[in-house]
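# below: sequence and its predicted model.
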Amino acid sequence: MLKVFILCFLLTQILLAAGYIPKNIKEEKVLESYREHQLVLGLKTSDFDNTIIDNQSLNTIIEDLFKNYLGLNVQIVKGNWNELLAMYNRKEIDILGSVTQSEERKENSVFSLPLYDDSIYLATSNTEKYDLKDLKNLNEKDIYVTKNSIYTGYLKKFLRGNDIKVNIVEVEDSFLEQDKIFLTSKYNIRGWENIIKIGYLPDISIGLQKRLNDLAAIVNNALLEKYQGDITKYLEKQSNVIYKNKFLESLTLEEREYLNNLSQVTIALEPNNTLSYYSKDLKRFVGVIPFFIEKFSKRTGINFKIINDRNNNWNNIYNDFLKKKIRVVPLPENKEWNDDIIFTEPIYKPTLYKVSSFFSHNTKIGVVRGSIEESFVQEYYLKNDILFFKSYDELEKALNSYIINAAFLFDINKMDTSKFKVDEFMEIPISLGLYKSDEILKKIINKGIKNGLSLKKLEEEADIMKKQEAFNEYQHFQLTNKILYLLLAISTIFVMISIYKILLNHKMTKELKKDLITTLPNRIEFLNFINEKKDMKGFAVVVDINNFKELNDKYGQSSGDDILRIVADKLKRIFKNQNIFRVSGDEFYIFSEDEFLIERLERLKKEMHSLKLSYQVDLSIGFYKNNNKDLETAFKYGYMAMEDVKKKNNFYYIEATEDLIKKKEREYSIKSLLRNKNLKGLYGVYQPKFSIKSKEIIGAEALARWSDEKLGFISPGEFIPIAEEINLIHLIDYKIASDAINFVKNLKENGYINDNFKMSFNLSMKSLERDDVVSVIKNLLKENGISGDYMEIEITESIFSTNLKTTLEKINELKKINISFSMDDFTAGHSTVSLLPLIPLDIIKFDKGILDAIGTKGDLVASNIYMALVGLIKDLNLKIVSEGIETKLQLEFLEKANVDIGQGYIFSKPIEDLEFIKKLTKKNTGS
């Protein structure tokens with residue numbers, strides 16, 4: 001009997017415990033071992049971490065996690081960031097309450113799951129002295145940063161990327177320098193206007209000394225079960241307080257008085273729409289508009305009351321509004337509405353979709369009667385062509401049975417869009433409609449709308465809120481049942497209830513780790529997996545959906561979600577019993593211990609190609625066979641292989657071999673050099689241009705070469721495509737332009753060239769599209785004291801794919817200072833020939849492709865084509881440069897063809913400046 005009593009007592013304690021329940025024996029032992037010793041927890045003293053709202057701060061939440069939830073013996077140490085970091089590095093602190101993740105810190109730390117995301121900004125409260133809206137205003141200014149902050153590295157990259165020079169001043173806490181320009185987190189300057197975003201930071205997490213690795217997994221579970229939700233709620237409350245204060249400060253005395261006397265404001269919502277819908281389970285309205293109203297109320301103090309009528313349709317709502325039964329209603333601004341309605345600023349811009357059948361050819365258009373969509377459809381289609389339906393379900397049935405050809409609706413998430421063509425018809429701004437007599441209320445609401453509330457972010461937050469709400473319901477269920485459990489006297493029932501509680505707890509935790517669209521484990525679960533199973537052997541597989549963004553943009557978000565589900569379902573079946581994760585928008589990670597990987601990939605390829613969709617869905621797959629790497633590295637290599645597949649045609653999957661890894665690591669190094677503007681190894685070489693008749697050097701083309709201390713020689717075939725890919729080709733173009741102009745200055749000052757000499761350099765279309773291209777070239781000429789008469793800019797046929805109007809404006813601006821323009825790599829494309837007169841060119845450079853056929857079996861055809869092109873270009877009064885001349889036979893042909901200028905290895909390869917001067921002074925004509 002005593003044993004039964006003890007068992008009942010212990011089980012009762014477990015059930016009543018508000019703390020963490022270990023998931024297995026290992027976790028229980030880990031917690032027991034740490035409870036025997038004291039751990040030191042470091043918490044920052046900043047206002048952001050210590051501001052109390054509803055008896056909570058970030059610090060108290062973190063403290064509660066370790067002390068009360070995990071039941072650890074924790075000593076709290078508080079200090080500024082530098083003090084805590086120094087103590088942590090000396091191992092006097094075991095845990096940092098919040099720290100930004102970084103590769104460097106991973107060497108001696110393990111990080112929890114993210115607490116929150118963050119961005120960094122430059123900001124100032126001194127709006128009279130500093131204007132941060134223009135980046136140029138930062139030049140030569142003092143920027144205050146916190147000592148030893150990871151933020152500083154991001155600032156330096158930002159400054160380098162924008163060619164800005166500042167004086168960085170390190171202080172103990174940059175936030176104390178608010179009247180100057182200081183570097184800080186987004187959370188410190190919410191509501192500020194005089195700011196510049198520097199970039200996104202890695203996740204903010206709890207940092208633990210590496211020896212606490214086994215505790216980190218338990219901390220992650222605690223975050224998922226309770227504390228991530230608590231932190232999200234706290235940050236929202238903190239944000240509401242800040243924005244409410246800012247909102248109230250923006251009001252006039254009249255508006256403040258009006259707001260103080262304002263009673264409840266009624267608003268009605270549509271119960272079956274993508275903007276708002278009535279949840280039977282939650283018994284309230286949910287969706288973007290209800291979330292907006294809820295948060296807007298908290299940020300402004302305006303007390304909105306949602307009229308909770310789940311049976312209302314749009315016509316009823318609008319009629320009640322006109323009868324003044326409702327004071328506010330969400331409306332698209334439309335000329336059809338009553339003249340007595342006034343509108344606030346738009347609060348949301350949803351997309352109206354046209355969903356068309358691939359098979360029906362009638363002209364009938366379907367729409368739900370009494371919906372917002374109806375008013376817009378009537379503007380674009382004849383009434384005789386519109387069919388009305390009572391519900392969206394009826395509308396979809398009509399579309400499926402070909403009664404109508406197309407339907408208009410906002411919400412396409414519930415439709416099987418693989419059967420239909422989905423077009424984004426138009427964006428429709430939704431505002432709040434009010435009576436004309438509510439002009440002051442409209443002004444007040446407009447000030448609130450401008451108060452930093454993002455509807456798009458609310459869309460993203462909706463899923464998190466639903467998950468947290470589900471978990472809260474579970475906690476309520478727990479509390480209710482705890483009381484009942486105490487009334488039970490039979491020990492076996494206690495055991496069953498205890499097990500059920502643990503299983504239910506596990507189920508809720510598991511649910512929070514799922515991706516909503518595919519039901520696969522999400523990124524959080526993936527990070528846990530690679531941390532817990534870091535030494536597993538097998539295949540790390542990375543799957544990417546090709547052109548997913550384009551498919552999503554073209555066919556709509558619903559189609560994009562369908563693609564994700566299709567791919568996920570294929571992966572689940574083909575990689576059954578393997579570890580599959582959806583880690584980001586269009587990427588899936590798989591860890592497979594099965595040796596038959598290739599067979600599975602071939603099956604996946606076959607099944608994807610057999611899909612009967614209106615668009616082709618292809619995958620790029622990279623994999624790495626892991627034998628001795630940690631899983632994080634293995635997936636990194638798999639990702640490298642996936643990237644390589646995307647650049648190849650007719651490939652589906654590639655293994656990350658040693659050679660591929662070396663190639664990709666070299667590519668990453670080149671990207672790093674470019675992003676850091678480390679171009680000291682980049683230099684110009686010069687290929688002479690000769691008069692075909694006199695064989696004298698009359699010019700040169702400047703070409704880019706790169707030699708790096710670590711990477712050695714980097715060929716243009718390597719670095720130019722990479723620079724174009726990451727949109728930094730202008731760095732190379734401008735550097736070679738600078739070298740070329742400086743070299744011309746040297747040649748001119750030493751009397752090596754006459755006034756007819758032309759030095760050409762290349763400008764890619766991405767460089768030519770830049771706003772600064774004209775000023776950069778002009779400044780280079782001015783700094784070197786060189787006239788534009790000596791310079792020639794080579795462009796390619798890709799100019800026709802740019803915004804030709806603005807591009808031509810820049811070309812004409814440069815031609816005003818006598819710079820010549822040439823078309824490089826010119827071919828026999830008739831469309832290009834017909835477009836030549838559109839561009840003010842001086843020279844055409846013939847591609848070597850046709851010239852290579854001279855002296856071969858295709859000589860006659862090639863000769864005729866070449867002669868015809870020469871005649872055509874001469875008729876346009878343009879000079880001709882023939883590239884790639886390698887044989888005497890080609891040279892003789894060009895003389896007969898009356899080509900002006902030659903360039904090629906028969907004369908000279910590209911050479912460095914000193915060798916070029918030697919060739920120039922000897923007037924070497926080649927051989």
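Cool, the structure landed. Predicted model only: the values in this text are computed from it and were never measured.

# only C-alpha atoms for contact and neighbour calcs from this point on.
Noted.

# residues near residue 316, how many?
14 (other Cα atoms under 10 Å).

# so which elements touch the one helix or strand it maps to?
Element membership for residue 316 (DSSP states H and E) is helix 314-322. If you count contacts as 3 or more Cα pairs under 8 Å, 6 or more residues apart in numbering; DSSP states H and E, helix 314-322 packs onto strand 329-332.

# just checking: what are the partner strands of the strand it packs on?
strand 430-435 (antiparallel) (DSSP bridges).

# could the C-alpha coordinates of the partner strand be exported in PDB?
Output of strand 430-435 as PDB, limited to C-alpha atoms (Å, rounded to 0.1, in the frame of the first residue of the first chain):
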ATOM      1  CA  ILE A 430      -8.100  47.700 -50.000                       C
ATOM      2  CA  SER A 431      -8.800  50.700 -47.800                       C
ATOM      3  CA  LEU A 432     -11.100  51.300 -44.900                       C
ATOM      4  CA  GLY A 433     -14.300  53.000 -45.900                       C
ATOM      5  CA  LEU A 434     -16.000  55.500 -43.600                       C
ATOM      6  CA  TYR A 435     -18.800  58.000 -43.700                       C
END
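
# and that strand, how far out from the chain middle?
Strand 430-435 sits 33 Å away from the centroid of its parent chain (Cα atoms, centre = their mean, to the nearest Å).

# what of stretch 876-887?
45 Å.

# now stretch 605-617
27 Å.

# quick one: terminal-to-terminal distance for that stretch?
10 Å (Cα to Cα, to the nearest Å).

# now that stretch: buried residues?
605, 608, 617 (16 or more other Cα atoms under 10 Å).

# for stretch 742-759, same thing?
742, 743, 744, 745, 747, 748, 753, 757, 758, 759.

# what does it contact?
698-702, 740-741, 784-786, 789-792, 913, 917, 920-921 (Cα atoms under 8 Å, 6 or more residues apart in numbering).

# so for that stretch, what's the average pLDDT?
If you average the pLDDT over stretch 742-759, you get 95.

# what is the end-to-end distance of it?
11 Å.

# one step back: just curious, which of the buried residues of stretch 605-617 is nearest to residue 82?
When these are ranked by distance to residue 82 (Cα to Cα), residue 617 comes first, at 50.9 Å.

# can you pull the pLDDT of the closest one?
So residue 617 comes in at 83 (pLDDT).

# measure it to residue 611 for me?
For residue 617, the distance to residue 611 - Cα to Cα - is 8 Å.

# residue 698 looks like it's in a strand, true?
Yes - looking at residue 698 with DSSP: H, G, I helix; E, B strand; the rest coil, it is inside a strand.

# next, the contact list for it, please.
688, 689, 690, 691, 756, 757, 758.

# show me which pair in those residues is furthest apart.
688 and 756 (14.0 Å).

# related to what we said a few turns ago, so of the buried residues of stretch 742-759, which ones are in helices?
Residues of the buried residues of stretch 742-759 located in helices (DSSP state H): 742, 743, 744, 745, 747, 748.

# just those now: which is nearest residue 899?
residue 744 (25.2 Å).

# for the helix or strand in which residue 794 is found, packing partners?
Element membership of residue 794 [criterion: DSSP H and E] is strand 791-795. Secondary-structure packing of strand 791-795 (3+ Cα pairs under 8 Å, 6+ apart): strand 758-762, strand 820-826.
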